[in-house]
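Participant: model the following, please.
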Amino acid sequence: MLVAGARRTGISVVDVLLFLGARVTVADGDPAQLDTLGDRPVARTRELAALPAGCDLVVTSPGFRTDSPLALAARDASVPMIGEPELAFLLGGEPEVCPDGPPRWLAVTGTNGKTTTTTMLEAILRAAGVDAVACGNIGLPVVDALRAGHPVLAVELSSFQLEWSPSVRPYAGALLNLAEDHLDWHGSMAAYGAAKARVLRGEVAVGGLDDREAAALLLAAPAPRHVGFTRGAPGPGELGIVDGRLVDRAFGDRVPLAEVADVAPPGPPGEANALAAAALARAHGVPPEAVAAGLRAVAPGAHRGAVVAEAGGVRWVDDSKATNPHAAAASLAGHDRVVWVAGGLLKGADVTDLVVAHRGRLAGAVVLGRDRDAVAAALARHAPEVPVRDVGGGDDGPVSDRASDTASESMLRAARAAAGLAQPGDTVLLAPAAASMDMFRDYAARGDAFAAAARTVAGGAGPRGAAVPDEAPSPTGGGAA
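Facilitator: Okay, the predicted model is just below:
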């Protein structure tokens, strides 16, 4: 068997395959990653365009496209190529791996809000006394959660993972929303939506009714039971909000679940995520009181709208996880007057609608990264009154560790430019609307650089003037849509 990719998930795949007695070859273009395999009894190769002799299965990291040389080689040789979630789903039926039977999958996907929703779902399940764990694109490989024996899995799935998971059918799956993202990988919006819709093939399909694309895919889903969620008043078979309360009309008769005030992060995106998490938990049979208890236990994750500095009446907010225009729109909508820090890898997405919708709240914009010209051009066409500062960056190909200092310097230039545009009462908001890999290792590294630059420019002042300690290193992996 060939394992393509030797990072965290790849190593977990190697370990479970070795446990099952398989003969394993590991491929990774980075020799340093191959070194992390230690003394595991595996063959190692940097070849990413051919299969080793006798290979009968390829387990791939989600970054490999379906038209990559390795995928084409597997197809030509009639060798199955699957992702780690698919492997985990198949191994759920193996007594050696799951002696108590396969776990129940409650899965979450969408362009935005996946990690927040999955975190909420895990918290609600645990509040109900369920032995559950969040896994998948959120960081913990599904095979590790499987081997740990958890009977219920809250699984975050990206479109990449779903593309490589033809057999995965979660008991209940939620599609939160769908907007342009990763079109360079999938090739079209239709293909991207088709990958996301795979989460709706189980017993219960959950979809966001306030999102036109998600609602259409829910309507077409083959699941025997459809459950919608909306921030408005719910109809029969739906969850929604009535008089400041989350209410269930799908798994009960107008059952109150939680107060809107229990939801963090607050605001429309957080409320939608909480409704989706509640729907999945209720599909599993969780009682109403556990929904409120779980939601109250959730704290917003790093790089998702965190205030990282405050000085002179200006707040600095890190929403580096806003890696596409849809997420950036939700982020901008939460602030009245913004100096917007944007740019990176747009991956084929268009920022025109984003600029048109939010130009009235922009006090200024700072653009950086490889596709900054596209952001600047949209601002020039549709918000010519907004002052724009271009600080460069992202022109020299994919980032390496050696380039991290240069990227940090670019972010410091961006922070200084933003400070020059901001007035008391403004928010300097990092909501890039783009991926980070042109300049940074991942969105977490980008957020850390912004936080450090903000503190430098703001004189080291954190929220409400308190000193802010250095953040612990953020886990890598995940983050794909």
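
Participant: CA atoms for contacts and neighbours, from now on please.
Facilitator: OK.

Participant: and residue 408, how many neighbours?
Facilitator: For residue 408, the count of nearby residues is 21 (other CA atoms under 10 Å).

Participant: wait, it sits on residue 449?
Facilitator: Yes. With contact defined as CA atoms under 8 Å, residue 408 and residue 449 form a contacting pair (5.6 Å).

Participant: the stretch 51-200 of the chain: helices as residue ranges?
Facilitator: 69-76, 84-91, 114-127, 142-147, 159-163, 183-186, 189-197 (DSSP state H, counting those that start in this stretch).

Participant: can you redo the ones you listed as TSV with mean pLDDT and distance to residue 329?
Facilitator: Below are the helices of the stretch 51-200 of the chain laid out as TSV (pLDDT from 0 to 100; distance: least, CA to CA, whole Å):
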stretch	mean pLDDT	distance to residue 329
helix 69-76	95	35
helix 84-91	98	30
helix 114-127	96	16
helix 142-147	96	31
helix 159-163	94	21
helix 183-186	67	18
helix 189-197	92	19
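
Participant: quick one, which of those helices is nearest to residue 345?
Facilitator: helix 183-186 (10.5 Å; CA to CA).

Participant: where do the strands of the stretch 251-400 of the chain begin and end?
Facilitator: Remark: strands assigned in the stretch 251-400 of the chain by DSSP state E, counting those that start in this stretch are 255-259, 306-311, 314-318, 338-342, 362-367, 388-390.

Participant: quick one: low-confidence ranges for this protein?
Facilitator: 180-186, 300-301, 395-405, 460-481 (pLDDT under 70).

Participant: beyond the lengthiest helix in it, next helix or strand please.
Facilitator: Taking DSSP state H as the criterion, the chain has its longest helix at helix 404-421. Where DSSP states H and E defines the elements, the next helix or strand beyond helix 404-421 is strand 427-430.

Participant: what does that following strand rub up against?
Facilitator: 314-320, 332, 335, 337-342, 418-419, 422, 447, 450 (CA atoms under 8 Å, 6 or more residues apart in numbering).

Participant: just the buried ones from these?
Facilitator: Among the contacts of strand 427-430, those scoring as buried are 314-320, 332, 337-342, 418-419, 422, 447, 450 (criterion: 16 or more other CA atoms under 10 Å).

Participant: could I get the helices of the stretch 51-200 of the chain as JSON lines with distance to residue 436 and mean neighbour count?
Facilitator: Shown next, in JSON lines, are the helices of the stretch 51-200 of the chain (distance: least, CA to CA, whole Å; neighbours: other CA atoms under 10 Å):
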{"stretch": "helix 69-76", "distance to residue 436": "25", "mean neighbour count": "17"}
{"stretch": "helix 84-91", "distance to residue 436": "24", "mean neighbour count": "22"}
{"stretch": "helix 114-127", "distance to residue 436": "17", "mean neighbour count": "28"}
{"stretch": "helix 142-147", "distance to residue 436": "25", "mean neighbour count": "22"}
{"stretch": "helix 159-163", "distance to residue 436": "17", "mean neighbour count": "25"}
{"stretch": "helix 183-186", "distance to residue 436": "15", "mean neighbour count": "17"}
{"stretch": "helix 189-197", "distance to residue 436": "20", "mean neighbour count": "20"}
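
Participant: now render these as CSV, adding distance to residue 62.
Facilitator: Below are these laid out as CSV (distance: least, CA to CA, whole Å):
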stretch, distance to residue 62
helix 69-76, 12
helix 84-91, 8
helix 114-127, 16
helix 142-147, 13
helix 159-163, 5
helix 183-186, 11
helix 189-197, 13
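
Participant: find the nearest non-adjacent residue to residue 88, please.
Facilitator: Leaving out its chain neighbours, the residue that sits closest to residue 88 by CA to CA, 6 or more residues apart in numbering is residue 143, at 5.0 Å.

Participant: actually, residue 130.
Facilitator: Nearest to residue 130 is residue 152, by CA to CA, 6+ apart, at 7.5 Å.

Participant: and that neighbour, bridged to which residues?
Facilitator: Taking DSSP bridges, one obtains residue 104, residue 132 as the residues bridged to residue 152.

Participant: what about it, how many neighbours?
Facilitator: For residue 152, the count of nearby residues is 21 (other CA under 10 Å).

Participant: okay, it and residue 117: tell me how far apart.
Facilitator: Distance of residue 152 to residue 117, computed by CA to CA, to the nearest Å: 16 Å.

Participant: list just the one of the helices of the stretch 51-200 of the chain that sits closest to residue 368.
Facilitator: Checking the helices of the stretch 51-200 of the chain against residue 368 by CA to CA gives helix 183-186 as the closest, at 20.2 Å.

Participant: how about the contacts made by residue 408?
Facilitator: Residue 408 neighbours (CA under 8 Å, 6+ apart): 449-450, 453.

Participant: give me the three-state assignment for residue 202.
Facilitator: Secondary structure state of residue 202, per DSSP: H, G, I helix; E, B strand; the rest coil, is coil.

Participant: and the residue lying closest to residue 305 once chain neighbours are set aside, what is it in contact with?
Facilitator: In space, and not counting its chain neighbours, residue 305 is closest to residue 319: 4.4 Å by CA to CA, 6+ apart. Residues in contact with residue 319, defined by CA under 8 Å, 6+ apart, are 303-306, 331, 429-432, 447.

Participant: closest one to residue 199 out of the residues you listed, please.
Facilitator: residue 304 (24.2 Å).

Participant: now do the contacts for that closest one.
Facilitator: Residue 304 makes contact with 318-322 under the criterion CA under 8 Å, 6+ apart.

Participant: hmm, back to that, save the contacts of residue 319 as a markdown table, and put in distance to residue 60 too.
Facilitator: Putting the contacts of residue 319 into a markdown table (distance: CA to CA, whole Å) gives the following:
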| residue | distance to residue 60 |
| --- | --- |
| 303 | 28 |
| 304 | 29 |
| 305 | 32 |
| 306 | 33 |
| 331 | 33 |
| 429 | 36 |
| 430 | 32 |
| 431 | 31 |
| 432 | 29 |
| 447 | 28 |
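
Participant: which strand residues bridge residue 388?
Facilitator: Taking DSSP bridges as the rule, residue 388 bridges to residue 365.

Participant: correct me, but it touches residue 363?
Facilitator: No. Using CA under 8 Å as the test, residue 388 is too far from residue 363 to be in contact (9.5 Å).
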